[in-house]
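A.B. asks: Sequence and predicted structure, then a few things I'm wondering about:
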Amino acid sequence: MADRAHVCYMPAMIVKNLVSSLWQAVPADVEHRLAAVLDAAPGQCRVFFRADDVAVPGRAMARMLEVFTANRVPLCMAVVPAWLNASRWHELRAKAGESSQWCWHQHGWRHHNHQTMGKKGEFGNERDAQAKQADIERGRDKLAGLMGRDFQPFFTPPWNRFDRETGEILARTGFRAVSRSAGEGKKVPLPPGLPDLFINTDLHTRNESTPAEGWDALFAEFKDALATGHCGVMLHHQRTNGAAFDFLDLLLRAVRSHPNTEAVTFDDLL
């Protein structure tokens, strides 16, 4: 019997499934270009992969898990608590299996934009601290209740951003780290003891108008990220096609085998 406490509220999901232009035409020399970027990276560059908007099983979700499992590369999965129920969790868990390869963690509460001006945000400055803390704790408690020991207290905010007040709430409610976009640390500094395991490479939500522009921009991002010794790669499995999964498979194999890179998970970065 499904857990009634977790099926009584299931808000509508709003997930874009547009596929970025680069996945419409993969260049013939993509493997060579990827190898060149990895060859130019400094040694011991740590690379992690973070998949957002996780909660609902499906073909794309299953394919993503298959690719990571086959390559034995860790994956940090940001789960939207309000979208998850016991049935969905059992299906996801059965597909993934028990492994230290996975880092199941919290992705906001229901991925809802509360900002009426400026950039989108679920935990921005247009809500009071009490409302934000209630959603954070509700999401944390729901995931912990469903996942048990599989839940890890990391927080990825929807749209990769939150306000200063939210950082203070996360620090005092038991979260070990957050994962935002590179650059958010300067805009919204975090309280002491709450590191930002930021992403700086985007595979699937790119906005370039042509495939050529998309590939040039993606490899430039990889190059810049690897040069820092910290490369966090953001995934959105709903916005993939066959070409995107073929490249992901190539990327994981390359990162795992190249002497300049080490595939890690959130725990390894603390």
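C.D. replies: Arrived safely, thanks for sending.
A.B. asks: Would you map the strands across the chain?
C.D. replies: 45-54, 75-79, 102-106, 151-155, 177-178, 201-202, 230-235, 261-263 (DSSP state E).
A.B. asks: ranking these by burial, who's on top?
C.D. replies: Compared across those, strand 75-79 shows the largest average neighbour count, a mean of 26 (mean count of other C-beta atoms under 10 Å). C-betas here are computed from N, CA, C, even on glycine.
A.B. asks: That one pairs with which strands?
C.D. replies: According to DSSP bridges, strand 75-79 forms sheet pairs with strand 45-54 (parallel), strand 102-106 (parallel).
A.B. asks: Please render those strands as TSV that adds mean pLDDT and distance to residue 184 to the earlier fields.
C.D. replies: Putting these into TSV (pLDDT from 0 to 100; distance: least, C-beta to C-beta, whole Å) gives the following:
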stretch	mean pLDDT	distance to residue 184
strand 45-54	98	14
strand 102-106	98	17
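A.B. asks: Now distance to residue 142 too, for these, in TSV please.
C.D. replies: TSV is the format used below for the strands paired with strand 75-79 (distance: least, C-beta to C-beta, whole Å):
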stretch	distance to residue 142
strand 45-54	14
strand 102-106	9
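A.B. asks: re the thing from before, quick one, which of the strands of the chain gets closest to residue 192.
C.D. replies: Among the strands of the chain, strand 177-178 comes nearest to residue 192, with 12.6 Å by C-beta to C-beta.
A.B. asks: what's around the closest residue to residue 236 other than its chain neighbours, how many residues?
C.D. replies: Nearest non-adjacent residue to residue 236, counting by C-beta to C-beta, 6 or more residues apart in numbering: residue 204, 4.2 Å away. Neighbourhood size, residue 204 [other C-beta atoms under 10 Å]: 23.
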